[in-house]
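>>> Give the three-dimensional model of this entry:
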Amino acid sequence: MSDAQTEVEKLGSGSSEDSGSQRAEIFERPTGWRGFYYHPITQISMLGFVCFMCPGMFNAVTGLGGGGQVNTKDSANSNAAVYATFAVFGFFSGSVNNVIGPRRTLMLGTWGYSLYIASYLAVNIHPGAGNFVVAAGAVLGACAAFLWTAQGSLMMSYPTEAQKGMLSVSFGLSSILEGSSGLLSHLETISIANGVGNGTYIGFLILTLIGVFLPLLMADPDKMIRTDGTRVNLVRHPSWKTEFVSLFIALKTDPWIILLFPMFMASNYFYTWQFNDYNAALFTIRARGLNNFVYWSSQIFGSVFIGYFVLDQNKVRRRVRAFYGWALVFFMVFVVHIWAYFYQKTYNRAEEAAQGAYKIDIYASNYPAHVWLMIFYGFLDSMWQTYAYWLMGAMSNDPAKLAVFAGFYKCMQSTGAAGIWAADGAGDPYMNIFLSTWCIAVGGMLFAAPMVYLRVTDHTSLEDEVLMQIEGVERIEAPVIATANKA
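Numbering: from 1, shown residues only. The predicted structure follows:
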């Protein structure tokens, strides 16, 4: 372990020198088509399309409730497997990202989504293939850990400090496409069995396969220049042993991240109740498809609202924006859950599983009130995710450190989701799942409050720029905008 520690120290010193050198220079951005291609918004938008093609299809299928199937048990168990393996691989995915680079990591993470969609097609053809869905979910969990860590690293390192909220909106544009994909099942002829047909799954499968190859078209991060002329820090390629040590170094040097773990854990926890215990339980398949569409579509508005109008308002100090964002998300948690509680009181699992149980269709008189709850849940989801990423971005600008943070985020997120999906697959009462969802959301925000108060500053300090700061390394001076070199 001492050799690894020595290498980490050397790495820390080198990172400091390199990053300091880059921050001391302002580079000229390319022009013409190269300027467009290498623009951060272009690359973040391409990243959004990768996530539309792969996680977007996963969200579209999951958002239908039960993966579009009549029996939601296999889907719940598969999602539990997704997040269980995600939790394990997510803890080390930041290290993988730093070793092989975000573009390769992104590609490594895409192919599991195709397998997952194919498993539902197999169940439609062979109804007894439920175990295949669960196994595909376990494989997808490992792949998803790599994809989301690469996504988090790129999304947080490309923008300047003033753009970290709004560039997540460019990425979030894919959410409206995800909802449109879910609407395919609404437009499809609805079967008597109230399930999704083969055509929808085939369409999803083709899109995920396109997503596998899209990372090949993206730019290398080491060639990127931010809009303010600064370079994105080069991706480091140390040994595996060193990278495993860096996980614990990140916790040691920035322990405040631990206070965000409950917030991370809650960030996918609420999907189980929303999609399986509300959408799938109460609605017909075409209403489920339309609900899925408005849910993901509303996310772009939630991201724009909190990202542009709150978190990226440069006229307001960053610490103040952090408190505004916290208060807004905390308020929305209570708005949507108090609203949802009055609906949850009216039904239970046994009633909705009964043969011939009433399902709300899009033409029913009580549909508008129920669909508005899905819209507000979409708002809350996007605001929660945007605020969580913004908080991590406020802690550092170093891509390597942000990759580790993103790995922690997805690890804890998946731990919570695996547990609640398993509880749903075991048939726990809807009310129990709903109340646990409400409690963990409130708890996540309360634990985050001290971190916001004590850790978020108006500007990212030099000590936060690298994964380690080694004693005896000369402190890097503030950026000097006197030199201008071509990239």
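
>>> From now on I want contacts and neighbour counts done on CA atoms only, so please keep to that.
Will do.

>>> Could you report the neighbour count for Lys315?
Lys315 has 7 neighbouring residues, counting by other CA atoms under 10 Å.

>>> do Thr62 as well
23.

>>> Any idea how far the helix or strand hosting it is from the middle of the chain?
In the assignment (DSSP states H and E), Thr62 maps to helix 55-63. Centroid separation for helix 55-63 versus its chain: 13 Å, with CA atoms, centre = their mean, to the nearest Å.

>>> for that helix, which positions count as buried?
55-63 (16 or more other CA atoms under 10 Å).

>>> same check, this time on stretch 343-353
Buried-residue list, stretch 343-353, by 16+ other CA under 10 Å: 344, 352.

>>> so how far is the first residue of it from its last?
One end of stretch 343-353 sits 17 Å from the other (CA to CA, to the nearest Å).

>>> okay, now the closest residue in space to Ile440 that isn't next to it in sequence: neighbour count?
Distances taken as CA to CA, 6 or more residues apart in numbering put Ala266 closest to Ile440, at 5.9 Å, once the chain neighbours are dropped. As a burial measure, Ala266 scores 27 neighbours (other CA under 10 Å).

>>> any idea how far Trp273 is from Ala266?
12 Å.

>>> Overlap in contacts, the two.
Thr437 (CA atoms under 8 Å, 6 or more residues apart in numbering).

>>> hang on, the earlier thing: next up, phi/psi of the residue nearest to Ile440, please.
phi -80, psi -10 (degrees, to the nearest 10).

>>> pLDDT wise, what is it at?
As summarised for this prediction, Ala266 has a pLDDT of 94.

>>> Can you name the residues that contact it?
So Ala266 contacts 413, 416-417, 437, 440-441, 444 (CA under 8 Å, 6+ apart).

>>> how near is it to Gly90?
16 Å.

>>> Check Gly444 too.
From Gly444 to Gly90 the distance is 19 Å (CA to CA).

>>> ok, which stretches of the stretch 351-487 of the chain are helices?
In the stretch 351-487 of the chain, the segments counted as helices under DSSP state H, counting those that start in this stretch are 367-395, 399-425, 430-455.

>>> and what of the stretch 201-350 of the chain?
Using DSSP H, counting those that start in this stretch, helices in the stretch 201-350 of the chain cover 240-253, 261-266, 271, 280-282, 285-306, 318-344, 349-353.

>>> angle of the longest one against helix 367-395?
Think helix 318-344. For helix 318-344 against helix 367-395, the angle by axes from the mean of the first three to the mean of the last three CA atoms, to 10 degrees is 150 degrees.

>>> what mean pLDDT would you report for helix 318-344?
Helix 318-344 comes out at a mean pLDDT of 96.

>>> Check the first one too.
In this model, helix 240-253 has an average pLDDT of 72.

>>> low pLDDT regions in this protein?
Across the chain, the ranges flagged by pLDDT under 70 are 1-24, 66-71, 91, 156, 159-196, 229, 233-244, 399, 461-487.

>>> how near is Leu259 to Gly35?
Applying CA to CA to Leu259 and Gly35 gives a distance of 40 Å.

>>> So those two - more neighbours on which side?
Leu259 (18 against 14).

>>> What distance do you get for that one to Met218?
Leu259 is 34 Å from Met218, by CA to CA.

>>> Over to Gly56?
Relative to Met218, and taking CA to CA, Gly56 is found at 19 Å.

>>> Tyr38 too?
9 Å.

>>> Comparing the two, which shows the higher neighbour count?
Using other CA under 10 Å as the criterion, Tyr38 and Met218 rank with Tyr38 on top: 21 against 16.

>>> Identify the residues contacting the more buried one.
30, 219, 223-225.

>>> Could you export these as a markdown table, including neighbour count and distance to Gln355?
Formatted as a markdown table, the contacts of Tyr38 follow (neighbours: other CA atoms under 10 Å; distance: CA to CA, whole Å):
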| residue | neighbour count | distance to Gln355 |
| --- | --- | --- |
| Pro30 | 16 | 64 |
| Ala219 | 17 | 54 |
| Lys223 | 12 | 59 |
| Met224 | 24 | 58 |
| Ile225 | 24 | 60 |
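
>>> correct me, but Met431 touches Asn348?
Yes: contact status for Met431 versus Asn348: in contact at 7.5 Å, counting by CA atoms under 8 Å.

>>> residue ranges of the helices in the stretch 51-200 of the chain, please?
55-63, 73-100, 102-125, 130-157, 167-187, 198-213.

>>> contact partners of the helix or strand that contains Trp33?
For Trp33, the host element (DSSP H and E) is helix 32-37. For helix 32-37, contacts defined as CA under 8 Å, 6+ apart pick out 29, 42-43, 219.

>>> What residues of that helix count as buried?
For helix 32-37, by 16+ other CA under 10 Å, it's Tyr37.

>>> Repeat that for stretch 294-313.
294-308, 310-313.

>>> residues touching Tyr358, list them.
With the criterion set at CA under 8 Å, 6+ apart, Tyr358 makes contact with 282, 352.

>>> Just among the contacts of Ala266, which is most surrounded?
Most crowded among the contacts of Ala266, counting by other CA under 10 Å, is Ala417 at 27 neighbours.

>>> That one and Tyr278: what is the separation?
16 Å.

>>> ditto for Tyr367
Taken as CA to CA, the span from Tyr367 to Tyr278 is 13 Å.

>>> Neighbour count for these two, which is higher?
A count of neighbours by other CA under 10 Å puts Tyr278 above the other of Tyr367 and Tyr278, at 22 against 15.

>>> Name the nearest residue to Asn366, ignoring sequence neighbours.
Excluding the flanking residues, the one nearest Asn366 by CA to CA, 6+ apart is Ile360, at 7.6 Å.

>>> Do I have it right that the one you found meets Arg286?
No: counting by CA under 8 Å, Ile360 does not reach Arg286; the two are 9.8 Å apart.

>>> higher neighbour count, the two?
Set side by side, Ile360 and Arg286 show more neighbours around Arg286, with 25 against 20, by other CA under 10 Å.

>>> Ala354 is nearest to which of the helices of the stretch 51-200 of the chain?
Nearest to Ala354 among those is helix 73-100; the distance by CA to CA comes to 14.9 Å.
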